[in-house]
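> I would like to see how this sequence folds:
(2 chains)
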Amino acid sequence: MDASSVAEFVAVALRVSTPLTLAALGVLISTRAGVLNIGIEGMMLAGAFAGVVVSAFTGSALLGLAAAILIGAALGALLATAVHVAKADLILSGIAINIAAAAGTTLLLFLITGSKGVSSSLPSKTLPTIDIPLLGDLPLVGMAVSGHHILTYTAFLAAPLVALFLTRTPVGIRLRAVGEKPEAAAAAGVNVRRYQFWALAASGAFGGVAGAFLSMGYVSWFGQNMTAGRGFIALAAEVMGGGSALGTMLSAVVLGTAETISITMQGGGLPSELVQTVPYIVPILALLVHAMRRRRIARKSAA
Amino acid sequence: MTSNALVAFEAISKAYGNGTRALTEVSFSVARGVIHAISGENGAGKSTLMKILFGLEQPSSGRLLLDGGVAEIRSPAAAVEQGIGMVHQHFTLVPSLTVAENIFLGQEQRSGIFVDREKTSRRVAALSKRFNLAVDPDARVSTLSVAAQQKVEILKALSRDIRLLILDEPTAVLSPPETEELFTRLRHLRDAGLTILFISHKLREVRALASHVTVLRAGRVVGDAQLADLDNDALSRLVMGGATSVARPVRASRSVGAPLVALKNVSQSRGRPGERVSNLDLTIYAGEVVGVAGVDGGGQQGLVALLSGRKAAESGTIVFGGRDMKSGSTRDWRSAGLAHLPADRHKDGSAMSMSLVDNAVAGAHRKPAYRMGALLDRRKMVEATRDMISEYGVRSPGPEAPLSALSGGNAQKLIAAREFASAPSFLIADEPTRGIDIAAAAFLHERMRNMAGTGVGILLVTSDLDELLTLSDRIVVMFGGRIVARFDTIDGLTPDRLGPFMLGLEETA
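All right, here's what the predicted structure looks like:
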């Protein structure tokens, strides 16, 4: 592998890691508030769809992104309402959102375009890419890190911001208290339900942005079930991240890199069916290693 | 009388929707700047009254006066606004947050949108200095001992500028030396002008700390006096209702039987610190009560884990009833005749959300008596539960009610009824009466003495030294996972004599 193909590999890996990072950060916010957002996959899918449709009808990519954020947040709020008001089970409600999003986007896609597969007949917009001045002019490095989609930079900037939010702001600290020991938070006058509601809404908004990246950056169309399990891989990334925003981002990049390997290996002579399993096998292995390491740490701290 | 009172309860009653009357016309007042104890058995209404004062519940009738003016306290936040703070029996701290973050949770010191960590730490340090409660502001709560966590809870309450501090059974989680330290701190706080409401059913502690006591029984005030005006007998009569005496049961002279459980040079170096033991030599004979003393983490939990099949020994031998039990499972131990009252009866001893019946026959499911082919005979199970309820005087809404509907003492009676019903030859009683009322404790003590009288060997692990000295025939003290002292008779033994061994200051064995 020569230097330029390494640079290209890095560029692809960053691109592939973008939706995983965004979604995993969304999952992180919800888990730290004690409400695991299983519905993240559906929120991504709805965001991807809303971005394409709204940008196509308004002619504005920005409005498309706004719609993706709104639909994601709305689904997060719906999940919170289902759990808190209707007293439904959190996990089952999340799964319901995933199923409803898959079916709903397919139905609407058919009603709008007449196709059940892709939205290529819609004149949807994409969000811009950004060339980093100076750095972008460097050979190889520029190729690897410059010229990416605006949401790619957003994702990697979001991680330290989420970290700061969770550890340094009053709202973030209360949110962690709500997730870890709700009775302590309540005793301190924190409204547990309200925090969980907004945490799920924020989580959904992150999912919506992740979806918008898929349909308005990664590609420029919406395809049926185009998230293809990325929401679940994001859930795995969050677990591997050990509860921290930077750890979550790193895990998302590791899993994104695995997917990149599978993409670049296609056409390399190996059966493509086998190569395509890589992005799913890696999270399983990673979680296994993670669990083993946690057990070892637990044993060590006990010994 | 009310003129100098900080708080006055006036004819407070509380009835619940299901008709239970928790409080009936409770009236008394709390003077400023004193330590005022509220005592009574479990279910006497202490907790309900404190919940009303702290705004967690509203009275059905009657009123609450603060500084002579009528106060309506609708929520804990309102209570804090009125200067009332409470340290609950179960702490409300977030383990992964630091001490400082916990203390200022909900009232963070800010700079811009961020928490000002430096200012927070400074304020905690200042609080900690002012009230003489040493804590490390930047330590994570999960790394602190229970006693240190309690200090954080107290500081958290004090940080809200309170003038009345409610402490609900604060010593239940502390070892005797830690209790002493807490009392010293509380006296300092009182001297600084704070009024303290001390909820406890341990009369010795009430006497040691408080100047005034209000005794509740069945939701009514049955006594309200200066402690100086009450002798111990009068006090215990008030709490117990004169029904039972707390005098030591007469020690029947019994001949101790054959060796029942024998540990020889047993070690187990894995697990949490309190579960590790080394070179244990201990034989428990049929018909005797062996008391195990020690501060938390001394290795008592390790001993119990080994003798109940929760852990296997690494080295050494354990023989029970003539069988090698070095790595016996819990089922092995139980089928060989073990009964076990675990220290954490909610977690290890019962299923709180399941019915009394399910709890009463748990573990006996395999008995043919409850079987109907492959199925369980529910009717027989209910019958057996009813027998236990009446034999042990368990106050309950009925056999089908969830165990969580029972007070701590009654739940423990049911668990004891189940354990004793298996006709054991060996009983492990681990903190058998912690947190339960005096009458229930006296009842269980009598049962255990009777069991020992019929030849059952009993291992009693308890942090209540009165209980230890009341029940035990002989005592071993554990510290750092080892047996550091053995007392083959308890004649003339006092808590003061045990103290230095429990703290690891002395060693004889």
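
> Could you use CA atoms for every contact and neighbour count after this?
Will do.

> interface residues of the stretch 151-300 of chain A facing chain B?
By C-alpha under 8 Å from any C-alpha of the partner chain, the residues of the stretch 151-300 of chain A that approach chain B are A:168-170, A:173-174, A:177, A:180-181, A:183-185, A:187-190, A:299.

> Drop anything exposed from the residues you listed.
A:168-170, A:173-174, A:177, A:180-181, A:183-185, A:187-190 (16 or more other C-alpha atoms under 10 Å in any protein chain shown).

> Out of the residues you listed, flag the one nearest to A:Ser272.
Nearest to A:Ser272 among these: A:Glu180, at 43.6 Å, using C-alpha to C-alpha.

> Please give me every residue in contact with that closest one.
With contact taken as C-alpha atoms under 8 Å, 6 or more residues apart in numbering or on different chains, A:Glu180 is in contact with A:Arg32, A:Ala33, A:Gly34, B:Val94, B:Pro95, B:Ser96.

> thinking again about what came up before, of the residues of the stretch 151-300 of chain A next to chain B, which pair is most distant in space?
Maximum pairwise distance in these, criterion C-alpha to C-alpha, is 36.7 Å, between A:Gly189 and A:Arg299.

> Quick check: the residue of the stretch 351-500 of chain B nearest chain A.
B:Gly481 (13.7 Å; C-alpha to the nearest C-alpha).

> close enough to count as contact, that residue and B:Arg270?
No - look at B:Gly481 against B:Arg270 with C-alpha atoms under 8 Å: they stay out of range, at 11.5 Å.

> and those two? which has more neighbours close in?
B:Gly481 (25 against 17; other C-alpha atoms under 10 Å in any protein chain shown).

> got the contact list for that one?
B:Gly274, B:Glu275, B:Arg276, B:Val277, B:Ser278, B:Gly297, B:Gly298, B:Gly299, B:Gln300, B:Gly302 are the contacts of B:Gly481 under C-alpha under 8 Å, 6+ apart.

> Okay, and which of those map to helices?
If you go by DSSP state H, the contacts of B:Gly481 have B:Gln300, B:Gly302 in helices.

> Just give me the closest of the contacts of B:Gly481 to B:Asn102.
B:Gly297 (25.5 Å).

> Look up how far chain A lies from that closest one.
For B:Gly297, the distance to chain A equals 13 Å [C-alpha to the nearest C-alpha, to the nearest Å].

> Kindly tell me how buried the closest residue to chain A within the stretch 301-450 of chain B is, as a neighbour count.
Of all residues in the stretch 301-450 of chain B, B:Gly302 sits closest to chain A, at 13.3 Å by C-alpha to the nearest C-alpha. B:Gly302 has 27 neighbours, counted by other C-alpha under 10 Å.

> thought it was touching B:Arg270?
No - using C-alpha under 8 Å, B:Gly302 makes no contact with B:Arg270, being 9.7 Å away.

> Walking through chain A, point out its strands one by one.
Along chain A, counting by DSSP state E, strands occupy A:129-130, A:148-149.

> What pairs with the first one, parallel or antiparallel?
Okay, so that is strand A:129-130. Using DSSP bridges, strand A:129-130 pairs in its sheet with strand A:148-149 (antiparallel).

> Contacts made by the partner strand with the rest, please.
With C-alpha under 8 Å, 6+ apart as the criterion, strand A:148-149 contacts A:Ala11, A:Arg15, A:Leu127, A:Pro128, A:Thr129, A:Ile130, A:Asp131, A:Gly217.

> For the fifth one, give the beta-bridge partners.
Meaning A:Thr129. With DSSP bridges as the criterion, A:Thr129 is bridged to A:His149.

> Contacts only, for it.
With contacts defined as C-alpha under 8 Å, 6+ apart, the neighbours of A:Thr129 are A:Gly147, A:His148, A:His149, A:Ile150.

> Next, the contact list for the first one, please.
Counting by C-alpha under 8 Å, 6+ apart, A:Gly147 touches A:Thr129, A:Ile130, A:Asp131, A:Ile132, A:Gly136.

> Which of these sits closest to B:Pro500?
Of the contacts of A:Gly147, the one sitting nearest to B:Pro500 (C-alpha to C-alpha) turns out to be A:Ile132, at 70.8 Å.

> The closest one against A:Met143, yeah?
No - look at A:Ile132 against A:Met143 with C-alpha under 8 Å: they stay out of range, at 10.4 Å.

> With neighbour numbers in mind, choose between these two.
Using other C-alpha under 10 Å as the criterion, A:Ile132 and A:Met143 rank with A:Met143 on top: 22 against 13.

> Thanks a lot, see you next time.
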